[in-house]
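Asker: Curious how this folds, go ahead:
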Amino acid sequence: MPKLTKLSVERLQPAKVRREIPDSLMTGLYLVIQPSAVKSWAIRYRLHGRPAKYTLGKFPGLSLKDARIEAAAKLRLVAEGTDPSLEKRRRDDAVSTLVESYLSDVEDDLRPATVRNYKLMLKNELVPSVGKRRIGDVRKVDIAAILTAIRQRGAKAMARQTLGAFKSFFTWCIDQGLIEDSPCRNLKTGTFESRDRALSDDELRVVWQAATNRGGPFGAAVKLLVLTGQRCNEVCRMERTELDTEGRLWRLPGSRSKNKQPNEIPLCAEALAILSDIPKIGDQYVFTLSGKKPINGFAVAKKLLDKEAAKINGAPLTPWRLHDLRRTFSTGLAAMGITQPVTESLLNHQSGMVSGIAGIYNKYDYKKEKAVAAEAWGGRVRSIVSGKGASNILPMVRP
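Answerer: Prediction:
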């Protein structure tokens with residue numbers, strides 16, 4: 001563990017995961033380094049038998065010397081039985097300030113993508129409306145008005161997601177002893193239709209050709225989304241160490257999957273061919289432009305893909321999302337007679353037919369069936385994109 005000095009703090013580099021480096025001189029003081037390279041100071045302590053954390057400020061705004069002085073003052077309060085975190089919130093309990101505290105506290109417990117989404121919703125919707133109010137002054141009517149405005153913009157699904165972010169924030173405020181009840185309690189955003197968009201064969205052919213014309217790592221990633229049925233972030237952040245081309249497998253670790261469960265995804269011949277054609281840039285990521293980080297900016301790339309698809313099709317496609325390729329994969333397997341347990345195993349789902357007691361006792365991995373299904377789907381996609389129509393319709397594949 002490096003000894004913290006002014007120079008070492010400046011030189012310490014971020015890692016792929018969040019790091020906390022303890023100070024050798026001030027017990028309880030930590031330098032927190034985010035993967036984004038943001039550095040901040042925090043103290044960890046126990047009060048009444050419970051662990052707690054208090055963020056002091058960001059480096060270099062708060063220097064090592066000043067952080068030690070600030071930490072000593074706060075830990076003195078702890079020794080006297082006072083929680084500095086709770087005292088700060090009681091003095092400075094404006095909604096805008098508490099949003100910052102909430103996001104700081106939950107960044108270790110929630111997925112990075114969830115934190116990013118909650119941050120956007122809270123800062124773009126909640127703070128502009130009630131950010132200057134004290135937390136106890138926010139009423140249900142205030143939250144309902146925000147959600148109504150979002151729905152009136154035609155963003156019904158966004159209203160539902162925003163309510164989820166609000167509920168998480170106000171539940172945290174209850175846990176902190178700042179309010180007794182949540183203004184979101186029993187609040188509903190209306191009935192929303194679940195998305196059931198799956199691309200037709202003609203649409204899939206157009207999207208595949210558009211991905212070919214666009215080329216580059218994003219074009220290749222779109223094709224892997226079609227062939228594997230995995231989630232966008234899981235594919236686009238694929239690392240070379242996860243691939244076993246000889247075994248025709250992609251081993252997705254639990255640390256990168258949405259449900260935290262690892263998954264072995266069989267790679268069909270078409271997927272292996274795409275992966276072999278991707279130029280190697282750096283040693284870590286498969287889909288990358290710099291070699292230092294995976295591709296991102298999906299919204300812009302998707303718009304360009306849609307523009308290319310409209311040129312090929314002669315008109316824009318019915319609105320669709322990248323996640324619809326996952327549903328297209330699932331629908332296509334069902335049409336070919338692949339059983340639901342095999343499909344769910346490929347998709348890394350923990351619910352569905354293999355759930356409850358069956359989910360507890362059925363530990364069969366469907367490895368053979370998954371490989372057969374993946375190869376069949378690869379052949380089906382090959383037929384679709386070549387314009388040959390349906391093929392590779394299999395009899396029911398059973399364990």
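Asker: contacts, neighbours, all on C-alpha from now
Answerer: Fine.
Asker: Just the strands from the stretch 201-350 of the chain, written as ranges.
Answerer: 243-244, 249-252, 263-266 (DSSP state E, counting those that start in this stretch).
Asker: Out of these, which gets nearest to Leu29?
Answerer: Nearest to Leu29, of all the strands of the stretch 201-350 of the chain, is strand 249-252, at 35.6 Å by C-alpha to C-alpha.
Asker: Neighbouring strands of that closest one in the sheet, and parallel or not?
Answerer: Here strand 249-252 is paired, per DSSP bridges, with strand 243-244 (antiparallel), strand 263-266 (antiparallel).
Asker: where's the residue nearest to the spatial centre of the chain, which helix or strand?
Answerer: For the chain, the residue nearest the mean C-alpha position is Ala113 (3.3 Å; C-alpha atoms, centre = their mean). Using DSSP states H and E, Ala113 sits within helix 112-121.
Asker: so after that helix, what's the next helix or strand?
Answerer: helix 127-130.
Asker: Show the subsequent helix or strand relative to that following helix.
Answerer: helix 140-152.
Asker: circling back to that earlier point, what comes up buried for the helix holding Ala113?
Answerer: Of all the residues in helix 112-121, those buried under the rule 16 or more other C-alpha atoms under 10 Å are Val115, Tyr118, Lys119, Met121.
Asker: Alpha carbons of stretch 226-235, as PDB, please.
Answerer: C-alpha atoms of stretch 226-235 as PDB (Å, rounded to 0.1, in the frame of the first residue of the first chain):
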ATOM      1  CA  VAL A 226     -27.900 -10.000 -33.200                       C
ATOM      2  CA  LEU A 227     -26.000 -13.300 -33.000                       C
ATOM      3  CA  THR A 228     -25.600 -13.700 -29.200                       C
ATOM      4  CA  GLY A 229     -28.700 -12.000 -27.800                       C
ATOM      5  CA  GLN A 230     -26.600 -10.400 -25.000                       C
ATOM      6  CA  ARG A 231     -27.000  -6.900 -23.600                       C
ATOM      7  CA  CYS A 232     -25.400  -3.900 -25.300                       C
ATOM      8  CA  ASN A 233     -23.000  -3.000 -22.400                       C
ATOM      9  CA  GLU A 234     -22.000  -6.700 -22.100                       C
ATOM     10  CA  VAL A 235     -21.100  -7.000 -25.700                       C
END
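Asker: Can you name the residues that contact the closest residue to Ala15 other than its chain neighbours?
Answerer: In this structure, Ala15 finds its nearest non-sequential neighbour in Pro35, 5.5 Å apart by C-alpha to C-alpha, 6 or more residues apart in numbering. Taking C-alpha atoms under 8 Å, 6 or more residues apart in numbering, we find Pro35 in contact with Pro14, Ala15, Lys16, Val17, Arg18.
Asker: hey, which of the strands of the stretch 201-350 of the chain is tucked in deepest?
Answerer: strand 263-266 (a mean of 22; mean count of other C-alpha atoms under 10 Å).
Asker: Check whether Lys53 sits in a helix, strand or coil.
Answerer: Put simply, Lys53 is strand when judged by DSSP: H, G, I helix; E, B strand; the rest coil.
Asker: What sits closest to it if chain neighbours are left out?
Answerer: Closest residue to Lys53 apart from its sequence neighbours, by C-alpha to C-alpha, 6+ apart: Arg44 at 4.6 Å.
Asker: from memory the one you found sits against Ala52, does it?
Answerer: Yes. If you go by C-alpha atoms under 8 Å, Arg44 and Ala52 touch, sitting 5.8 Å apart.
Asker: how about the buried residues of helix 112-121 in TSV, adding pLDDT?
Answerer: Output for the buried residues of helix 112-121, formatted as TSV (pLDDT from 0 to 100):
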residue	pLDDT
Val115	89
Tyr118	94
Lys119	94
Met121	94
